[in-house]
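A.B. asks: Predicted model follows, preceded by the sequence.
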Amino acid sequence: MKKLLLISFLIVGFSVTAQGIYVEAGKVDSTFDFTNSQGEPLDNLQHTTQNYLEAGYRREIFTEGLNVALGLNYNSYGSVGSDNALNNFFEWDVDYLGITLGFDYTLFHIQELAFHLKATSSLEFLVQGTQTINNQVINLIDIEEFDDNAIFFRGGAGISYPLTENSSVYLQYLYGESLGLNDDNGGSTSQEELRIQTHMVGIGMRISIPSKKEEEPNDSEE
(Lines give C-alpha, C1' and ligand atoms only; values in the text may rest on other atoms or scores of the structure.)
Protein backbone atom coordinates (compact mmCIF):
# COMPACT_ATOMS: atom_id res chain seq x y z
CA MET A 1 0.00 0.00 0.00
CA LYS A 2 2.82 2.40 0.86
CA LYS A 3 4.46 1.68 -2.50
CA LEU A 4 1.22 2.46 -4.34
CA LEU A 5 0.87 5.74 -2.48
CA LEU A 6 4.47 6.67 -3.33
CA ILE A 7 3.97 5.84 -7.02
CA SER A 8 0.75 7.86 -7.10
CA PHE A 9 2.51 10.77 -5.45
CA LEU A 10 5.27 10.72 -8.06
CA ILE A 11 2.78 10.50 -10.92
CA VAL A 12 0.90 13.53 -9.62
CA GLY A 13 4.17 15.42 -9.24
CA PHE A 14 5.29 14.67 -12.78
CA SER A 15 1.92 15.49 -14.31
CA VAL A 16 2.77 19.19 -14.19
CA THR A 17 3.21 20.39 -17.75
CA ALA A 18 6.26 22.70 -17.45
CA GLN A 19 9.19 20.83 -18.96
CA GLY A 20 12.20 21.37 -21.15
CA ILE A 21 15.85 20.72 -21.88
CA TYR A 22 18.93 22.57 -20.72
CA VAL A 23 22.62 22.85 -21.53
CA GLU A 24 25.29 24.61 -19.50
CA ALA A 25 29.05 25.06 -19.49
CA GLY A 26 31.53 26.77 -17.25
CA LYS A 27 34.64 26.65 -15.12
CA VAL A 28 35.55 24.24 -12.32
CA ASP A 29 37.95 25.41 -9.63
CA SER A 30 39.02 22.18 -7.90
CA THR A 31 41.48 20.96 -5.31
CA PHE A 32 42.31 17.55 -3.85
CA ASP A 33 42.17 16.69 -0.17
CA PHE A 34 44.51 13.69 0.01
CA THR A 35 45.33 11.49 3.02
CA ASN A 36 48.06 8.87 2.73
CA SER A 37 47.98 5.28 3.98
CA GLN A 38 49.18 6.41 7.42
CA GLY A 39 46.33 8.89 7.75
CA GLU A 40 48.57 11.92 7.19
CA PRO A 41 47.30 14.74 4.92
CA LEU A 42 49.36 15.83 1.95
CA ASP A 43 49.90 19.53 2.56
CA ASN A 44 50.50 22.32 0.08
CA LEU A 45 48.01 21.13 -2.54
CA GLN A 46 46.76 24.01 -4.67
CA HIS A 47 43.65 24.39 -6.81
CA THR A 48 43.47 24.44 -10.60
CA THR A 49 40.75 25.76 -12.92
CA GLN A 50 39.35 23.61 -15.73
CA ASN A 51 36.07 23.17 -17.64
CA TYR A 52 32.75 21.37 -17.29
CA LEU A 53 29.76 20.67 -19.54
CA GLU A 54 26.27 19.43 -18.67
CA ALA A 55 23.03 18.79 -20.56
CA GLY A 56 19.74 17.17 -19.66
CA TYR A 57 15.99 17.21 -19.12
CA ARG A 58 14.21 19.42 -16.58
CA ARG A 59 10.60 19.75 -15.46
CA GLU A 60 8.45 21.25 -12.76
CA ILE A 61 7.15 18.93 -10.05
CA PHE A 62 4.60 19.07 -7.24
CA THR A 63 4.41 22.87 -6.97
CA GLU A 64 5.17 26.00 -8.96
CA GLY A 65 8.83 26.94 -8.88
CA LEU A 66 10.17 23.51 -7.86
CA ASN A 67 11.99 21.62 -10.63
CA VAL A 68 13.86 18.35 -11.01
CA ALA A 69 16.55 17.74 -13.63
CA LEU A 70 18.29 14.62 -14.90
CA GLY A 71 21.38 15.04 -17.02
CA LEU A 72 24.83 14.00 -18.14
CA ASN A 73 27.97 15.91 -17.21
CA TYR A 74 31.62 15.93 -18.24
CA ASN A 75 33.84 17.45 -15.56
CA SER A 76 37.58 18.06 -15.45
CA TYR A 77 39.37 18.29 -12.10
CA GLY A 78 42.93 18.88 -11.07
CA SER A 79 45.34 19.90 -8.36
CA VAL A 80 49.03 20.77 -8.04
CA GLY A 81 51.40 20.67 -5.10
CA SER A 82 54.91 20.10 -3.87
CA ASP A 83 56.79 18.45 -1.04
CA ASN A 84 59.57 20.77 0.06
CA ALA A 85 61.15 18.16 2.31
CA LEU A 86 61.67 15.71 -0.56
CA ASN A 87 61.75 18.37 -3.29
CA ASN A 88 58.91 16.67 -5.20
CA PHE A 89 56.33 18.23 -7.53
CA PHE A 90 52.83 16.74 -7.94
CA GLU A 91 50.12 17.40 -10.52
CA TRP A 92 46.81 15.66 -11.18
CA ASP A 93 44.58 16.08 -14.24
CA VAL A 94 41.42 13.93 -14.43
CA ASP A 95 38.22 13.84 -16.49
CA TYR A 96 34.97 12.30 -15.22
CA LEU A 97 31.73 11.46 -17.04
CA GLY A 98 28.67 11.40 -14.82
CA ILE A 99 24.93 11.17 -14.31
CA THR A 100 23.46 14.02 -12.28
CA LEU A 101 20.16 14.49 -10.46
CA GLY A 102 19.32 18.01 -9.38
CA PHE A 103 16.58 20.10 -7.80
CA ASP A 104 16.12 23.85 -8.07
CA TYR A 105 13.57 26.14 -6.48
CA THR A 106 12.74 29.70 -7.51
CA LEU A 107 12.84 31.94 -4.45
CA PHE A 108 11.64 35.25 -5.87
CA HIS A 109 11.51 37.50 -8.93
CA ILE A 110 12.73 41.03 -9.48
CA GLN A 111 10.96 42.12 -12.63
CA GLU A 112 12.09 39.52 -15.21
CA LEU A 113 14.99 38.18 -13.16
CA ALA A 114 14.40 34.94 -11.22
CA PHE A 115 16.61 33.88 -8.30
CA HIS A 116 16.86 30.20 -7.40
CA LEU A 117 18.56 27.74 -5.06
CA LYS A 118 19.92 24.48 -6.45
CA ALA A 119 21.13 21.14 -5.04
CA THR A 120 22.55 18.22 -7.04
CA SER A 121 24.09 14.81 -6.63
CA SER A 122 26.06 12.97 -9.29
CA LEU A 123 27.66 9.60 -9.87
CA GLU A 124 30.82 10.05 -11.94
CA PHE A 125 33.18 7.63 -13.69
CA LEU A 126 36.82 8.24 -14.55
CA VAL A 127 37.31 8.65 -18.31
CA GLN A 128 40.96 9.60 -18.35
CA GLY A 129 43.52 10.98 -15.95
CA THR A 130 47.22 11.47 -15.33
CA GLN A 131 49.41 12.07 -12.30
CA THR A 132 52.76 13.79 -12.70
CA ILE A 133 55.47 13.34 -10.08
CA ASN A 134 58.47 15.45 -11.02
CA ASN A 135 59.14 14.32 -14.63
CA GLN A 136 57.24 11.02 -14.42
CA VAL A 137 53.70 10.81 -15.84
CA ILE A 138 51.40 8.02 -14.58
CA ASN A 139 48.12 6.89 -16.19
CA LEU A 140 45.46 6.82 -13.46
CA ILE A 141 43.14 4.32 -15.15
CA ASP A 142 42.87 1.27 -12.84
CA ILE A 143 45.06 3.00 -10.25
CA GLU A 144 43.97 2.88 -6.60
CA GLU A 145 41.31 5.35 -5.46
CA PHE A 146 40.99 7.13 -8.82
CA ASP A 147 39.40 4.02 -10.31
CA ASP A 148 36.62 4.23 -7.69
CA ASN A 149 33.35 5.77 -8.85
CA ALA A 150 33.01 9.28 -7.45
CA ILE A 151 29.82 10.54 -5.79
CA PHE A 152 29.48 14.33 -5.57
CA PHE A 153 27.04 16.51 -3.66
CA ARG A 154 26.72 20.18 -4.65
CA GLY A 155 24.67 23.19 -3.67
CA GLY A 156 24.43 26.81 -4.67
CA ALA A 157 22.33 29.54 -6.25
CA GLY A 158 21.67 31.19 -9.57
CA ILE A 159 19.82 33.82 -11.53
CA SER A 160 17.91 33.46 -14.80
CA TYR A 161 16.54 35.83 -17.43
CA PRO A 162 13.98 35.03 -20.19
CA LEU A 163 15.16 35.40 -23.78
CA THR A 164 11.92 34.41 -25.49
CA GLU A 165 8.59 32.91 -24.44
CA ASN A 166 10.13 29.41 -24.50
CA SER A 167 13.78 30.01 -23.59
CA SER A 168 15.87 31.58 -20.87
CA VAL A 169 19.52 32.03 -19.95
CA TYR A 170 20.93 31.56 -16.45
CA LEU A 171 24.11 32.05 -14.43
CA GLN A 172 24.86 29.93 -11.37
CA TYR A 173 27.44 28.98 -8.75
CA LEU A 174 27.73 25.57 -7.06
CA TYR A 175 30.05 24.38 -4.31
CA GLY A 176 30.61 20.65 -4.03
CA GLU A 177 32.64 17.86 -2.55
CA SER A 178 32.98 14.17 -3.31
CA LEU A 179 32.61 11.36 -0.86
CA GLY A 180 35.91 9.77 0.06
CA LEU A 181 37.60 7.81 -2.72
CA ASN A 182 39.49 4.98 -1.05
CA ASP A 183 42.39 2.74 -2.00
CA ASP A 184 40.71 -0.68 -2.00
CA ASN A 185 44.04 -2.36 -2.76
CA GLY A 186 45.55 -1.15 0.50
CA GLY A 187 43.53 -3.49 2.70
CA SER A 188 41.31 -2.67 5.65
CA THR A 189 44.19 -1.02 7.55
CA SER A 190 44.92 1.56 4.86
CA GLN A 191 43.72 5.09 5.60
CA GLU A 192 44.47 6.41 2.11
CA GLU A 193 41.62 8.60 0.91
CA LEU A 194 40.95 11.30 -1.65
CA ARG A 195 38.22 13.93 -1.59
CA ILE A 196 37.73 16.39 -4.45
CA GLN A 197 36.41 19.84 -3.59
CA THR A 198 34.94 22.01 -6.36
CA HIS A 199 33.68 25.51 -7.05
CA MET A 200 31.68 25.67 -10.30
CA VAL A 201 30.57 28.82 -12.12
CA GLY A 202 28.57 28.30 -15.29
CA ILE A 203 26.20 29.80 -17.79
CA GLY A 204 23.35 27.85 -19.35
CA MET A 205 20.26 27.94 -21.52
CA ARG A 206 16.85 26.37 -20.94
CA ILE A 207 14.38 25.65 -23.72
CA SER A 208 10.78 24.81 -22.84
CA ILE A 209 8.97 21.95 -24.57
CA PRO A 210 5.25 22.66 -25.10
CA SER A 211 2.98 19.97 -23.69
CA LYS A 212 0.53 18.08 -25.91
CA LYS A 213 -2.38 19.82 -24.22
CA GLU A 214 -0.94 23.21 -25.21
CA GLU A 215 -0.36 22.09 -28.81
CA GLU A 216 -3.85 20.59 -29.40
CA PRO A 217 -6.51 23.07 -30.64
CA ASN A 218 -9.67 23.48 -28.59
CA ASP A 219 -12.52 22.22 -30.80
CA SER A 220 -15.16 23.70 -28.48
CA GLU A 221 -14.08 27.22 -29.48
CA GLU A 222 -14.73 26.60 -33.20
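C.D. replies: Received, thanks.

A.B. asks: Roughly how far does the residue nearest to residue 60 when sequence neighbours are not counted sit from residue 56?
C.D. replies: In space, residue 60 comes closest to residue 18 once its chain neighbours are excluded; the distance is 3.8 Å by C-beta to C-beta, 6 or more residues apart in numbering. (Glycine included, C-beta is placed from N, CA and C.) Taken as C-beta to C-beta, to the nearest Å, the spacing of residue 18 relative to residue 56 amounts to 15 Å.

A.B. asks: higher neighbour count, the two?
C.D. replies: When residue 18 and residue 56 are compared for neighbours, residue 56 comes out ahead with 17 against 14, by other C-beta atoms under 10 Å.

A.B. asks: in this protein, which spans are strands?
C.D. replies: Counting by DSSP state E, one finds strands in the chain at the ranges 19-35, 45-60, 66-83, 88-110, 113-133, 136-139, 150-164, 167-178, 181-182, 193-208.

A.B. asks: possible to save these as TSV with mean pLDDT?
C.D. replies: As requested, these are arranged in TSV below (pLDDT from 0 to 100):
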stretch	mean pLDDT
strand 19-35	93
strand 45-60	94
strand 66-83	92
strand 88-110	93
strand 113-133	93
strand 136-139	86
strand 150-164	96
strand 167-178	96
strand 181-182	76
strand 193-208	94
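
A.B. asks: and residue 75, how many neighbours?
C.D. replies: Neighbourhood size, residue 75 [other C-beta under 10 Å]: 26.

A.B. asks: Return the residues in contact with the residue nearest to it when sequence neighbours are not counted.
C.D. replies: Beyond its immediate neighbours in the sequence, the residue positioned closest to residue 75 (C-beta to C-beta, 6+ apart) is residue 52, lying 4.4 Å away. Residue 52 makes contacts with 25-28, 73-76, 200, 202, as judged by C-beta atoms under 8 Å, 6 or more residues apart in numbering.

A.B. asks: could you redo the last one with a cut-off of 6 Å?
C.D. replies: 26, 28, 75 (C-beta atoms under 6 Å, 6 or more residues apart in numbering).

A.B. asks: cool, residue 42 as well?
C.D. replies: Taking C-beta under 6 Å, 6+ apart as the definition, contacts of residue 42 comprise residue 34.

A.B. asks: Tell me what the nearest residue to residue 65 once chain neighbours are set aside is bridged to.
C.D. replies: Excluding its sequence neighbours, the residue lying closest to residue 65 (C-beta to C-beta, 6+ apart) is residue 106, at 3.9 Å. Residue 106 forms beta bridges with residue 116, as assigned by DSSP bridges.

A.B. asks: neighbours around residue 106, how many?
C.D. replies: Counted with other C-beta under 10 Å, the neighbours of residue 106 add up to 16.

A.B. asks: what's the answer for the one 3 residues further on, then?
C.D. replies: The tally of other residues near residue 109 (other C-beta under 10 Å) stands at 11.

A.B. asks: Would you check how far apart the residue nearest to it when sequence neighbours are not counted and residue 162 are?
C.D. replies: When the adjacent residues along the chain are set aside, residue 109 lies closest to residue 115, with 7.5 Å between them (C-beta to C-beta, 6+ apart). Plainly put, residue 115 is 14 Å away from residue 162 if you go by C-beta to C-beta.

A.B. asks: Residue 49 now?
C.D. replies: 30 Å.

A.B. asks: go on, residue 135?
C.D. replies: Here the distance between residue 135 and residue 162 works out to 53 Å (C-beta to C-beta).
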